[in-house]
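Enquirer: Turn this into a model:
(chains A, B, C and D)
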Number of protein chains: 2
Amino acid sequence: MKQATGPAIYSVHPWDPGNPEKGARHQLLSEDERAKLAKIAQIVRFAKGQEIYAEGSVAQSAFNVIDGVVVAYNAEHVVSFLHPGDLFGLSEEGRYASTTRAATPVTAYKMPLAAVRRILANNADLDVNLIIKLCEELRLAQRHAVLLAQKKAATKLTMFLGLQEHLQAARGEPISEIHLQMDRSSVAAYLGITLEALSRAFRSLTSKKLISVRDRQHITVLDREAFNRVQA
Amino acid sequence: MKQATGPAIYSVHPWDPGNPEKGARHQLLSEDERAKLAKIAQIVRFAKGQEIYAEGSVAQSAFNVIDGVVVAYNAEHVVSFLHPGDLFGLSEEGRYASTTRAATPVTAYKMPLAAVRRILANNADLDVNLIIKLCEELRLAQRHAVLLAQKKAATKLTMFLGLQEHLQAARGEPISEIHLQMDRSSVAAYLGITLEALSRAFRSLTSKKLISVRDRQHITVLDREAFNRVQA
DNA sequence: CGCTCGCTTGAAAAATATCAAAATCTGTGG
DNA sequence: CCACAGATTTTGATATTTTTCAAGCGAGCG
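Expert: The predicted model follows:
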């Protein structure tokens, strides 16, 4: 468990173009805010594969990932992966907009939406931070769209790996290897291709020695230049 | 010109599952807030095809569409269409995350980001409303992702037309016809297919009498049931 | 009138989807 | 520690679909 002090929301800061640490993520909540949220939060655990909530059901709680990876589905299609420091469970007209499921064993804070709203209404700083986080999610969703718009499976895969690597770095994790915690079918759904096409794309990149696959979860980029060139 | 009283942000309200007017959009800003923003906003116009700002350039202004349609590009790919009541120009690390271009003649409010931030910092209500709007954009982006994940061009097209119709209704415009204000190449880029594939998808739906195309901009759904069934 | 630009159509090439089956991995229990 | 059952992933062959390249159409405009 990474944070015992209360909910934590990480994001890159959306302003300051001259920011020295480009792309680094920061904790958006102050100690005080975290403490406030901690009072209404409880820690919950989900087993791998367990559903957290279903699309269309009445939204009662928001969640904040402490450890593990969550997959969000819209109508059978994977729309995002949520990592520690990410927030999910925001809703459309009071109902969840996605189905979420634990891709690995997950620990998370669970917070009643009503209480979150009450706190937000009285705390301008929190609002701004939530805005920052939402901007980040929006940018990620748009990057996902760019990825999905690619026509070749190998291109999609390199973009995906690049994105994962980038996020991993932003989270401060080592990036000698890319660590894919979700299974192949989730990745395929995220890329908008079949499991078979994904498998072949992996093989194609591997046989060209652009990447090496240590095991299903660990990938290394061998030829960075050629790897980046695939995205063209 | 639709709103002379100041910037307007429209969105569906994210809570209240029992909301009677499902999917209807509301004005998020109070008269007071609009007046406050109007003080820092100027009205600007863009000719059809004109670039509004470029991806990666330093972000200095946010925009609020008054009239017309704006296309947002990420790396050559269309990620969204912006209509009256939409907000754009929010940034990542101080630089614009997309390139935007007027798809039709556009009128918009232009507001210095620094001033917007100053107002946001002192106005919790605005914050909450911005959050609501960002949630909406996020949901749209995820719906776009679901669309892009479809494997057949005809399916993508029906989903797109359905989405446009839905948005049109939410804006309170008549929906006897679907009005596509952007050109075919923008639609194709949004769907992640080639112009030719889009053209063939239109022909396929037309020849099956699911839709009729009055002119390049106006489409009618003839067989609603079959039309909805395509999305399977 | 002749032009360009946006869109449509056609034919061949390339890529992915689909279906079926083999291989590999994971967790469980002996 | 090993063996087994079920789930996950890879591989193979074929069918579909889309991309690509090239040419034709048509509306709007100087």
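
Enquirer: What is the neighbour count of A:Arg118?
Expert: 12 (other CB atoms under 10 Å in any protein chain shown). Using the backbone N, CA and C atoms, a C-beta is placed for each residue, glycine as well.

Enquirer: what about it, helix or strand, and which?
Expert: Per DSSP states H and E: A:Arg118 is located in helix A:113-121.

Enquirer: Please pull up the helix or strand immediately following that helix.
Expert: Heading C-terminal from helix A:113-121 (DSSP H and E), you reach helix A:124-148.

Enquirer: Is any residue of the next helix or strand after that next one near DNA strand D?
Expert: Under the assignment DSSP H and E, the closest C-terminal helix or strand after helix A:124-148 is helix A:153-170. No - contact of helix A:153-170 with DNA strand D is not found when judged by CB under 7 Å from any atom of the strand; the minimum separation is 10.3 Å.

Enquirer: Mind giving me the packing neighbours of the helix holding A:Arg118?
Expert: Counting contacts by 3 or more CB pairs under 8 Å, 6 or more residues apart in numbering or on different chains; DSSP states H and E, helix A:113-121 is packed against helix A:31-40, strand A:61-67, helix A:124-148, helix B:124-148.

Enquirer: any chance of the ones you listed in TSV, with mean neighbour count, mean pLDDT and distance to DNA strand C too?
Expert: Shown next, in TSV, are these (neighbours: other CB atoms under 10 Å in any protein chain shown; pLDDT from 0 to 100; distance: least, CB to the nearest atom of the strand, whole Å):
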stretch	mean neighbour count	mean pLDDT	distance to DNA strand C
helix A:31-40	16	93	32
strand A:61-67	21	95	16
helix A:124-148	22	90	11
helix B:124-148	22	90	11
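
Enquirer: can you redo the ones you listed as a markdown table with distance to DNA strand D?
Expert: Below are those laid out as a markdown table (distance: least, CB to the nearest atom of the strand, whole Å):
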| stretch | distance to DNA strand D |
| --- | --- |
| helix A:31-40 | 34 |
| strand A:61-67 | 20 |
| helix A:124-148 | 11 |
| helix B:124-148 | 11 |
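
Enquirer: now those as a markdown table including distance to A:His77?
Expert: Formatted as a markdown table, the helices and strands packed on helix A:113-121 follow (distance: least, CB to CB, whole Å):
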| stretch | distance to A:His77 |
| --- | --- |
| helix A:31-40 | 31 |
| strand A:61-67 | 20 |
| helix A:124-148 | 9 |
| helix B:124-148 | 5 |
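
Enquirer: B:Pro7 is nearest to which of those?
Expert: helix B:124-148 (10.6 Å; CB to CB).

Enquirer: distance of the residue nearest to A:Thr158 when sequence neighbours are not counted from DNA strand D?
Expert: Nearest non-adjacent residue to A:Thr158, counting by CB to CB, 6 or more residues apart in numbering or on different chains: A:Val230, 4.4 Å away. Distance, A:Val230 to DNA strand D, using CB to the nearest atom of the strand, to the nearest Å: 14 Å.

Enquirer: same check, this time on A:Gly162
Expert: Going from A:Gly162 to DNA strand D by CB to the nearest atom of the strand gives 19 Å.

Enquirer: same question, A:Ile9
Expert: Distance, A:Ile9 to DNA strand D, using CB to the nearest atom of the strand: 30 Å.

Enquirer: Surely that residue is in contact with A:Asn129?
Expert: Yes - using CB atoms under 8 Å, A:Ile9 makes contact with A:Asn129 at a distance of 6.5 Å.

Enquirer: Mind pulling up the pLDDT for A:Gln3?
Expert: A:Gln3 is assigned 46 on the pLDDT scale.

Enquirer: got it, and A:Gly18?
Expert: For A:Gly18, the pLDDT comes out at 63.

Enquirer: now A:Leu120
Expert: At A:Leu120, pLDDT is 84.

Enquirer: wait, what's in contact with it?
Expert: For A:Leu120, the contacting residues are A:Leu126, A:Asp127, A:Leu130, B:Asp127, B:Val128, B:Ile131, by CB atoms under 8 Å, 6 or more residues apart in numbering or on different chains.

Enquirer: nearest residue to the fourth one other than its sequence neighbours?
Expert: Once flanking residues are discounted, B:Asp127 sits nearest to A:Asp127: 3.2 Å by CB to CB, 6+ apart.

Enquirer: give me phi/psi at the spatially closest residue to A:Val106 that is not a sequence neighbour?
Expert: With sequence-adjacent residues excluded and distances taken as CB to CB, 6+ apart, A:Val106 is closest to A:Gly68, at 3.5 Å. The phi/psi pair for A:Gly68 (degrees, to the nearest 10) reads phi 100, psi -180.

Enquirer: how many other residues sit next to A:Gly68?
Expert: As a burial measure, A:Gly68 scores 19 neighbours (other CB under 10 Å).
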